[in-house]
Structures are given as structure tokens and as C-alpha cells.
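In: no letters, just coordinates:
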């Protein structure tokens, strides 16, 4: 065992003892150097000054000596927060080294200021070699003072460094192939990744963003999104990047907490960062909130101030709506829903009339669209029940004409398709496909179009009647009926999206959506297991396929009364294994006609093993995953629901898509007017290009946009000032001169001004912020 420590040079008689000695011995300090460092540790100003003066004359001690912990006198003074000793040591030009970084890490603001103002001596000095060794340093080479200050999130220190003109390195993209990134990654990939992480950790500092960013909200949004994308690529540091992303989201939310009036809140939420000075205003309503939704800033969107403003706009025509009784709310919604055709006709005829403007209100628009969709579902119910069909023998007609209900359904389908086309045109293809409900609408509309196409083919190709049991399997009418049935299912499930507006059903709907992702992950593993066992069982039973279907009155397959040939083909095997999960397959399907008991035993064992894996292991894993997803939503139910509800509300805040289906396919006078204006712009394009706007109109527009920008910056300045004051006031290490801190000023029963000056300095730094004098 002793060989693990060092090689033994003699054979001692004490074989049951392990001798110890110092292998990596360090240079010992002289008695004077020990006394010198001890005086610094105790804060003995007079003794330290005397030792420094004697060192200049007699050279008996090295003022840059280090103690057994590797600390110089300057580092000891920084750890003790003794500003007088620090100033004294700097006046004698001691070796600074990483003292600034140590002061930043200890958050000693006074020491940082002294070190920043200290000028390094030009001459050489006696420095221990270990201090010059970069491997001995507590900090990696990529850690700069501003990066370390941002890591500590100390506002005062960051402000001191920024005033000195420091800069932050710009991090490169993860997939950057520049010479610098490639060479750095080849030399040391760990240091390269760590360096990027340290830079992003500094950039995510709330104090740094609040101090140096012209638009803290926009910076936090973009940085949070970038960090979230990095967490998907840099899997080794995924948790760190996700934590930094969450920190940026929380900063944006905390900054919005500082708003004190509706004017400030509207100025923040309506501001648009990419507005051109000569661009016409009016198209930037809630632009910042839309950007927050785009970057998935759930905390920002769910912030109470933001939600209060949205609610006031949502219930614009109904003040005090939330204080009404639920029965009154229900009757009002039903009344508006029943009158939605009248409101739609009023909007078509006179868009600027009272009722025409009434339907444009977000809440009214939501009720009208919901009523229209419920009417569509009622028509689907009538079509599926064949209540209005009185024609005899229609079920045997190969190409039947559309019924009255089917003719009534057609305008709704065309209206839904037109609404989706307009949404994709206005919002763009990328935004359209990122919403899962839009994908569901696309599938639903595609199924209805396929149904219409197949019915047209059947109507034109087949004209006579024939018993349905004699039709071919892929008959257009049969396929159309199957597709229409699937489309009905999607149409009914689409109603779940409206649950988001309700505080009770909304969280359940969000949990259901999260569970669907878990089901997709589960199906990937399950399909692999299913294919593996299906291939094995089919290979085993392929040779035992019977010809039962050739005999009259006999049935072949697992859907027969007496199941047979369950594993004769790969497709039949897949079906058998799938339905066995629900207990619909009997064990006797593993038997064969021949007396091959070994084959039956192997087949039964494989079948049982599959059921164990699929039912016991995989199914319980799915239950655990779904439970975890539900618990995650339940823990953040308020934020998740408010974010989803805001996205629903914002879709009705948008201009356009006022009329629900099927009224949206009716051309209105306003549509003709817009068409004429567009034709005029296209025809008179050259003429208009020769007649630019006057300098007066351009100047007024630019002045208005400049005024808005100035007001926005003024609001930001106030928010940042309040945020920083609250952050410093709540920090435990910067509470001012309390009773506990006063006790710390006493050492051995005597009052120590050196220690007390630290807390007085903190109090002086906090006081201007609390008085609102920070600029």
C-alpha cells in the first residue's frame, strides 16, 4: 500500500506502518515574512507599513512572498476587505497579478476601484516563479475582469469596468468554421467550449444587460433564444445553457415588473425595434408582445401587468365582464352566437357601421367564430346520422349526388380553406407550420378536399345502382366515406383548441398536447420492438400457412371467430401483435397443424416475451412519461396556460379574418375597394415613383417616430433604474450597515475602522440608487 505514495528506499522493520513525507515541498517563509503576512491578516496597518519600509532598505523580506495557501499579502488584504492595507501595498508597488480578478470574485468594490486606478511600475520586482505560472492561477486565460464581474452580477463593479472602456468578446456560432474556431477546437476542444460558455454566462448577466444594452428587452429575448438553441447542440453543457436561458427570461419578466402605469406598459408592449424613421405608424400594435411570443418568453407574456392590459383589450365592449355571474355570461355568449349571421351581413354591407365595428372586437370575433364552427359540427352530425336523407336505395347507388346537408357543408369547407390560405399569406409559411393546430387544419381540409374529389369521380364514373356488398374494395364512394369519417374525427378534436380560453380546461389541454409528444417518442421505440418480433414470428410460422379461405364458408385471419394464420404474413403478424396489447389475440394462434411441439413452444415463448416487453415495460414507461409531462405542466400551470391563452387572444387581435366561415368567401364592397386600390398602385407605379412625398410630410413622420423612440428610451431608463435599485436592495451582501455588520466591525472588543469602512462604503453605494439618483 505504501508504494502508492513513494518508493521505499529501505526495508524497515515496521512493516505494518505507512511512512509519510512531503513529496512536493515548497519554499519555507522566513520569520520576518511570516510576521509580515500575519500583520496583513490581522489588519495591523502600522506593522505592515514598517515591514514594507524595512524591505525597501534592508531587503530582508520579499514583499511578494506567498503563504502556504498560495496567497500574497495583497490577496490576503482583499479577502479581509481591508482597503487601507490594499492601498498601502499598492503604494509600495507589490505584484498585482490576478488581484483584480480576486477582488471581483470577492465583490470588494473598493478594492476593484483601487486596482483599476493603480498604475503598474515600469521596473522589475522580485516575484516568486509560482505566481508567474499560469497553471497555478485560480482563473483560466479566457476569464477577463468584465467576464468575471458579469458572472458575479455585481452592478457596481460592472459599471466601474464599463466606464474604463472594457469590451466583451463576441462569441462565434457553434457551427462556425473560421480559422480561429477550428484551430482553437483542434488544440483544446474543452477549453474552446468552456470559453464560449463563460462568454455567454457573462452576456446573460442581468446587471450587464441593464447597464450596457440600449434595449434590454430585445437583448434578453434574443439571447434567451440563442442559448436555448445552443442547449440543443452543446449537449454536454445543456443544463448550463438552459439555466442561462431561463435567467434571461426571468430578467425580462422582472424588468417588466417595474412598470407602474398603463402608459409605461403600452409603450413597452407596442414598441417596434425595427421601425424605420420614415415608416408609417399604425402597424406596430403590441409588436413587442408578438416578439416575446415568437421567442417563447413565457414568463414575460404571463406577467400580471401584461395580462391585465391584454384582458382590458379583450373585453373592450364588456367592462366588468369578469364580475358578472356565470349565467349572465352564458346567456350573453349564446345571444351573440345566435346573431352572428346578422353581424356578418352588417359587416359585409357596411363595415364602418355600429354593428360592423362591433364584430371586429376581439371577444365578439371569438364568439362568432366559435358559433360558426359549432354550426359546422352540427351539420357534420346531421350528415353522419343521415337524418335528412329520405331517398330509398341511396346506399346502393355507386355515384350518389350530394345531399342537402352535404351542400350546406361545402361553403364551410371552402371558408376554412380560404382562411388558412390568408393566414399563411399574411404570417408566412414558417410561422404557419410552427403551430400544430395549423397542421391539423391542413390535414382536415385536405381530407375534405379528397372527399369532394372522390365523390365527383364516383358521380361522373358510376351512374347505376348495385348492391353494396358487390362493390370493389377501392370503390371511390367507399374511399370517400372512409376519408370523410376520418375528417369528422379531426373536425371534432379541433374544438379542443378553444379550451385554451378557459382557466379550468386550458391547463388540461396543454397537458394533453405535451403528452402527445411523449406518445410519439414511445411509438418510435414500440415500432422497433413490434417489427423485431413480427419478423421473427413470421419467419417461424411462414411455412404453416393454411388455405382455410379457399373453402366455402371458412374465414382466414385474426378477425375470424376462430382465429387462424395469425403469423402467416408480415402484415398479418403486425396486426396480431398490435391487437394482442388489448388482449384480443388468444394463445392458441401459436399452434400448428403438424405435431411440432418445439416450434409451438418457441412461438409461444416469443409471443409471451413480446407481451411482457410491450405491456409491462413499454406501457409503464409511457405512463411514467405522461405523468412526468402532466406534473411539469401542473407545476407551471399558470404560466403555461396564460402563454397559450395569449397566443389565442393575439390571433383575434390581428386585423383581418373578421368574418367566420362561410361568410369570409363572400366578396364584400371593401374587398372590391382593396382590389381597385391594388390595381391602381400597380398601373400607376411609375407615375407614383416620380411624385415622392413632400419633405414636410416626411419630416413630420420622422419627428413622430423619433418622439416615440425618445419616450421609449425614457421609460427604459426608469425601469432599469428601479430594477437595479431593487436588485441591490434585496441582495443579502449589500444590506447596508446593519446591527450584524456593526458587530463585525469589532475585533477583540475594540472598534476596527478598517472593517467598518467596508460596510460604510457599501452603504454609500446603495444610497444613491435608493434615492433614485442613478443615471
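Out: That came through fine. Quick caveat, the model's predicted, so the values are computed rather than measured.
In: point out where the stretch 1-150 of the chain drops to low pLDDT.
Out: Scanning the stretch 1-150 of the chain for pLDDT under 70 picks out the ranges 1-15, 23-27, 121-137.
In: the same query, at a cut-off of 50, please.
Out: The stretch 1-150 of the chain contains residues with pLDDT under 50 at 1-2, 5.
In: which residue ranges of it form helices?
Out: Applying DSSP state H, counting those that start in this stretch to the stretch 1-150 of the chain gives helices spanning 31-42, 45-58, 73-79, 83-91, 99-106, 109-117, 129-132, 145-152.
In: contacts for the third one, please.
Out: Under the criterion C-beta atoms under 8 Å, 6 or more residues apart in numbering, residues 36-37, 40-41, 48, 63-65, 67, 71, 85-86, 89-90, 94-97, 99, 102-103, 106, 108, 111 lie in contact with helix 73-79. (Each C-beta comes from the backbone N, C-alpha and C, glycine too.)
In: let's go with 6 Å and repeat that
Out: Helix 73-79 is contacted from outside by 37, 40-41, 85-86, 89, 94, 99, 102-103, 106, 108, 111, using C-beta atoms under 6 Å, 6 or more residues apart in numbering.
In: show me the shaky parts of the stretch 601-750 of the chain.
Out: In the stretch 601-750 of the chain, residues with pLDDT under 50: 689-691, 737-740, 742-750.
In: quick check, residue 509 in a helix?
Out: Yes - applying DSSP: H, G, I helix; E, B strand; the rest coil, one finds residue 509 inside a helix.
In: report pLDDT for it.
Out: At residue 509, the model reports a pLDDT of 87.
In: now residue 428
Out: Reported pLDDT for residue 428: 84.
In: how many other residues sit next to it?
Out: 11 (other C-beta atoms under 10 Å).
In: residue 482 and residue 474, how far apart?
Out: 10 Å (C-beta to C-beta, to the nearest Å).
In: so for those two, which residues contact both of them?
Out: What both residue 482 and residue 474 touch, as defined by C-beta under 6 Å, 6+ apart, is an empty set.
In: so between the two, which is more surrounded?
Out: Shown here are residue 482 and residue 474; by other C-beta under 10 Å, residue 482 has more neighbours (13 against 7).
In: okay, domains of this protein per the record?
Out: Domains of the chain are assigned by the TED database as 386-501, 513-653.
In: for these, give me CSV that also has distance to residue 359.
Out: Formatted as CSV, the domains of the chain follow (distance: least, C-beta to C-beta, whole Å):
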stretch, distance to residue 359
domain 386-501, 15
domain 513-653, 11
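In: of the ones you listed, which is nearest residue 182?
Out: Among the domains of the chain, the nearest to residue 182 by C-beta to C-beta is domain 386-501 (30.8 Å).
In: how long is the closest one end to end?
Out: 33 Å (C-alpha to C-alpha, to the nearest Å).
In: from the middle of its chain, how far away would that domain be?
Out: Domain 386-501 has its C-alpha centroid displaced from the chain centroid by 36 Å (C-alpha atoms, centre = their mean, to the nearest Å).
In: then stretch 235-251?
Out: Remark: stretch 235-251 is offset 10 Å from the chain centroid, using C-alpha atoms, centre = their mean.
In: which of the residues in it are buried?
Out: Neighbour counts over stretch 235-251 (16 or more other C-beta atoms under 10 Å) mark 237, 240-241, 244-245, 247-249, 251 as buried.
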